[in-house]
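Student: Please find the sequence and the predicted model below.
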Amino acid sequence: MLVLGFPVGPLQANCYVLARGEGEPCVVVDPGQDAVEPLNEQLAKHRLTPAAVLLTHGHFDHVLSAATICAEHDVPAHIHPDDRFMLADPGAALGPAGRQLFGDGMTGSEPAEVREIAEGDVLELAGLSFEVTHTPGHTGGSVLFGVGTEEGGRLVLSGDTLFAGAIGRTDLPGGDHGRMLESLSTKVLPLDDETVVLPGHGPTTTIGRERAGNPFLQELPAPGASH
């Protein structure tokens, strides 16, 4: 299995490309701001052809290049319906301070074909199976994408729900700290320690490493424990 990851845009959001191998169809995850050029370089280098775009949530630093990528390769974008509105209005979830910081002139557009995803969906794309887990908190429509490797391992693309040593912020419009803690407790903590986490920002980690050292997870009750 081929997994490529590279940061894009001023906020250095991670864009990922997953495929069964070189010269194969691939899936692009979170092509955010300024992702088109570096993404196309990786596609050419590894002879990959996009089959779909997956979006972990709707924030501009994760979706701003989605419409362009989808149009260039004639593929659909997959996003949870609660975050779909951000595709056409990237500033919608920034709040007044965020709009002032990043500029009211930021424009976006919805890809020609958008497929809405939900908890429990299994997306069969490019010879890979992606399981959708809805994890509201950072945004209302945040999701995890879980995928198995041919070697028997497990990857989870966590977007801005979980980082190495941290979690996503919940103080932007649509964020909800209580829902975030619930998502972490019921959707993240039950994952196997060996699961490799590919986060929306920062370095790769594992569930076991975060369970042991992430202060936000250590404060949560163990799965199945009474609240």
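Tutor: Thanks, I have the structure now.

Student: When you work out contacts or count neighbours from here on, use the C-alpha atoms and nothing else.
Tutor: Will do.

Student: what about Ala19, distance to Glu113?
Tutor: Using CA to CA, to the nearest Å, Ala19 is found at 21 Å from Glu113.

Student: neighbour count winner among those two?
Tutor: Taking neighbours as other CA atoms under 10 Å, Ala19 and Glu113 compare with Ala19 leading, 24 against 14.

Student: any idea how far the more buried one lies from Pro76?
Tutor: Distance from Ala19 to Pro76, counting by CA to CA: 17 Å.

Student: Enumerate every residue touching Gly208.
Tutor: Taking CA atoms under 8 Å, 6 or more residues apart in numbering, we find Gly208 in contact with Asp192, Asp193, Glu194, Thr195.

Student: roughly how far apart are Pro199 and Leu155?
Tutor: 10 Å.

Student: Can you name the residues in contact with stretch 109-120?
Tutor: With CA under 8 Å, 6+ apart as the test, stretch 109-120 has contacts from 66-68, 70-71, 75-81, 87-89, 131-134.

Student: Now, those residues that are in strands?
Tutor: Judged by DSSP state E, the contacts of stretch 109-120 include Ala77, His78, Ile79, Glu131, Val132, Thr133, His134 as members of strands.

Student: Just give me the closest of these to Glu41.
Tutor: Taking CA to CA as the measure, Glu41 lies nearest Ala77 of those, at 20.2 Å.

Student: isn't the closest one right up against Thr56?
Tutor: No: the pair Ala77 / Thr56 is not scored as a contact, 10.8 Å apart, by CA atoms under 8 Å.

Student: more crowded one of the two?
Tutor: Thr56 (30 against 26).

Student: Phi first, then psi, for Pro215.
Tutor: Phi and psi for Pro215, reported as degrees, to the nearest 10, are phi -60, psi -30.

Student: number of nearby residues for it?
Tutor: 13.

Student: which residues sit in contact with it?
Tutor: By CA under 8 Å, 6+ apart, the residues touching Pro215 are Gly165, Ala166.
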